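# no FASTA, just this:
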């Protein structure tokens with residue numbers, strides 16, 4: 001199955017005691033409900049997983065070849081998984097959602113490999129991103145598809161070494177927003193902007209129109 005991803009980037013200086021628990025409460029407040037752990041997280045409670053993530057983020061070290069994932073339920077989506085990863089200067093929380101959740105295949109008269117964009121689903125993901133931007137210390141939020149390049153870490157975007165991934169939107173500080181083909185569509189709290197690119201619906205499964 002192919003997946004769409006949304007990445008939330010933090011710097012290590014943003015991490016504090018109770019950070020992971022606070023972050024998950026922000027997700028829960030928007031309607032994400034923990035179902036279970038997955039992979040190395042299978043059989044663990046949310047509390048146990050929070051402790052594991054908190055310890056690793058505070059220590060700024062990797063997960064020692066462990067791959068802890070979480071299943072969430074989120075109304076309107078068939079499946080939602082998430083996990084933490086680390087870079088040399090920060091941490092990333094990634095949510096993955098089946099690409100098919102963003103395709104409306106009920107429309108008639110389209111070629112077999114073509115579907116309508118499910119903009120309601122994307123709008124809900126965007127609303128989640130805006131909620132996290134306003135309620136946490138997240139530095140950058142990027143989106144990507146299964147066949148996209150891996151989104152650059154925030155510290156590389158900030159240092160002008162890489163470009164943000166806008167497929168089809170990103171949220172970042174206006175000071176870290178380089179000139180690009182995407183359009184700044186809204187100014188946000190914390191000196192942020194949301195950047196959108198309608199051509200960034202790069203689903204692997206269908207041509208989305």
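Now that the structure is in, tell me what you want to look at. Because the structure is predicted, anything quoted here is derived from the model rather than measured.
# now for the one helix or strand residue 20 maps to, which elements pack on it?
Using DSSP states H and E, residue 20 falls within helix 19-29. In terms of contacts (3 or more Cβ pairs under 8 Å, 6 or more residues apart in numbering; DSSP states H and E), helix 19-29 is packed against helix 46-59, helix 119-135. All C-beta spots, glycine's among them, are computed from the backbone N, C-alpha and C.
# Dump those helices to JSON lines, plus mean pLDDT and mean neighbour count.
As requested, the helices and strands packed on helix 19-29 are exported to JSON lines (pLDDT from 0 to 100; neighbours: other Cβ atoms under 10 Å):
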{"stretch": "helix 46-59", "mean pLDDT": "92", "mean neighbour count": "17"}
{"stretch": "helix 119-135", "mean pLDDT": "96", "mean neighbour count": "17"}
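# How about the contacts made by residue 155?
Residue 155 makes contact with 11, 87-90, according to Cβ atoms under 8 Å, 6 or more residues apart in numbering.
# Let's see which of those residues end up in strands.
Secondary structure of the contacts of residue 155 is defined by DSSP state E; positions in strands are 11, 90.
# Before we go further, residue 186 is sitting in a helix, right?
No. Counting by DSSP: H, G, I helix; E, B strand; the rest coil, residue 186 falls outside a helix, being strand.
# The closest residue to it other than its chain neighbours pairs with what?
Excluding the flanking residues, the one nearest residue 186 by Cβ to Cβ, 6 or more residues apart in numbering is residue 194, at 4.8 Å. Here residue 194 sits in beta bridges with residue 171, residue 186, as judged by DSSP bridges.
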